[in-house]
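Peer 1: give me the fold of what follows.
(one chain, ligands or ions: 1)
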Amino acid sequence: MSDHVALITGASGGLGRAVAARLAEAGWRLALVGRSAARLKSVAPAEALQIEADVSTHEGARAAFAQCAERFGTPVALVNCAGGTLIAPLLRTSESAYRACLSANLDTAFFSLAAFVEGLRSAQQPGAAVLVSSVVGHIGVANHEAISAAKAAVAGLVRGAAATYAASRIRVNAVSPGFMVTPATASLVASDAAREGFARQYPLGGIGTPEDVAQAIAWLLSPAAARITGQVVPVDGGFTAVRPLVR
Ligand SMILES: NC(=O)c1ccc[n+]([C@@H]2O[C@H](COP(=O)([O-])OP(=O)(O)OC[C@H]3O[C@@H](n4cnc5c(N)ncnc54)[C@H](OP(=O)(O)O)[C@@H]3O)[C@@H](O)[C@H]2O)c1
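Peer 2: Numbering: from 1, shown residues only. Got it, this is the predicted structure:
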């Protein structure tokens, strides 16, 4: 039975862990993917399948999905939480940092989605994928040029693949989070002043959590979202859509 198998990449990261917890609660069987078996082991629930793989390449992504199919069945849900943060202006982004940023945020999305769709098509099953974009893929935020390019491209990938595979009943969506505190970003909000500075930028106030984003992802994978595809859903406290009154 693969009806309820979900594969999560970047499962050892802050968002990946929250998604795993939410989907486990919703009854999904989980295949958790990361590049470090030790990091995965430290966070994965005992019943989850742990897969050590780098999904930024065609070969790596296919190997991860093949392991899942062999041991758990073909996954019918994908959440690509693999990624990496880069805060740097254009003129201070080295070629290697740029390529690493595109690899972690765009290549993982592209090749995971390709391997996912390939498995579903050969099993002739419908399915749903959720990729992770970001507010910086939608509006200009200073010092985020490389990651803005990667996250805007993720939004393009969602729309293209959703169009191509709609007839195969494969839904493709993304969430677009604002700032969340995870192991990748905790150092940016180490002081109360920094935390308050971030919170003031969000019309709804405060800082969103990985759990907020995980709820939206679980919903996009559920039958409640059966008519939704090709969408990038902001989970950003109004950051990209709302200008509050300035007093
Ligand atoms: N935190 C934020 O404020 C924020 C805001 C908007 C969007 N996002 C996006 O949300 C996603 C998750 O962010 P996060 O804050 O949870 O980051 P994180 O804690 O650094 O988690 C990222 C995970 O991706 C894994 N990973 C990286 N490259 C990989 C690869 N090639 N193959 C497989 N796994 C890979 C890493 O694990 P290993 O190193 O062990 O492989 C890590 O577990 C990212 O796409 C990020 O851009 C985050």
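
Peer 1: for the protein, longest strand please?
Peer 2: In terms of residue count, the longest strand belonging to the chain (DSSP state E) is strand 170-177.

Peer 1: what helices and strands are in contact with that one?
Peer 2: helix 108-123, strand 127-132, helix 145-165, helix 210-221, strand 232-235 (3 or more C-beta pairs under 8 Å, 6 or more residues apart in numbering; DSSP states H and E). All C-beta spots, glycine's among them, are computed from the backbone N, C-alpha and C.

Peer 1: hmm, who's touching the first one?
Peer 2: Okay, so that is helix 108-123. Helix 108-123 is contacted by residues 2, 7, 9-10, 55-58, 60-62, 64-65, 69, 74-76, 78, 80, 82-83, 126-127, 129, 131-132, 154, 157, 161, 165, 168, 170, 172 when judged by C-beta atoms under 8 Å, 6 or more residues apart in numbering.

Peer 1: restricted to buried residues, select these in PyMOL.
Peer 2: Restricted to buried positions by 16 or more other C-beta atoms under 10 Å, the PyMOL selection for the contacts of helix 108-123 reads:
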select buried, resi 2+7+9+10+55+56+60+61+62+64+65+69+74+75+76+78+80+82+83+127+129+131+132+154+157+161+165+170+172
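
Peer 1: so residue 151 touches residue 134, yeah?
Peer 2: Yes. If you go by C-beta atoms under 8 Å, residue 151 and residue 134 touch, sitting 4.2 Å apart.

Peer 1: contact residues of this structure facing the ligand?
Peer 2: Counting by C-beta under 6 Å from any ligand atom, the chain comes close to the ligand at 9-10, 12-16, 33-36, 39, 54-56, 81-84, 104-105, 108, 132, 134, 177, 179-180, 182-185.

Peer 1: out of those, which end up buried?
Peer 2: The neighbour-count test (16+ other C-beta under 10 Å) marks 9-10, 12-16, 33-35, 39, 54-56, 81-84, 104-105, 108, 132, 134, 177, 179-180, 182 as buried among those.

Peer 1: now, which of those lie within strands?
Peer 2: 9, 33, 34, 132, 177.

Peer 1: hang on, the earlier thing: tilt between the longest strand of the chain and helix 145-165?
Peer 2: Here the directions of strand 170-177 and helix 145-165 differ by 160 degrees (axes from the mean of the first three to the mean of the last three C-alpha atoms, to 10 degrees).

Peer 1: sheet partners, orientation included, of strand 170-177?
Peer 2: Partners of strand 170-177 in the sheet, by DSSP bridges, are strand 127-132 (parallel), strand 232-235 (parallel).

Peer 1: dump the residue contacts of residue 143.
Peer 2: Applying C-beta under 8 Å, 6+ apart to residue 143 gives the contacts 87, 88, 89.
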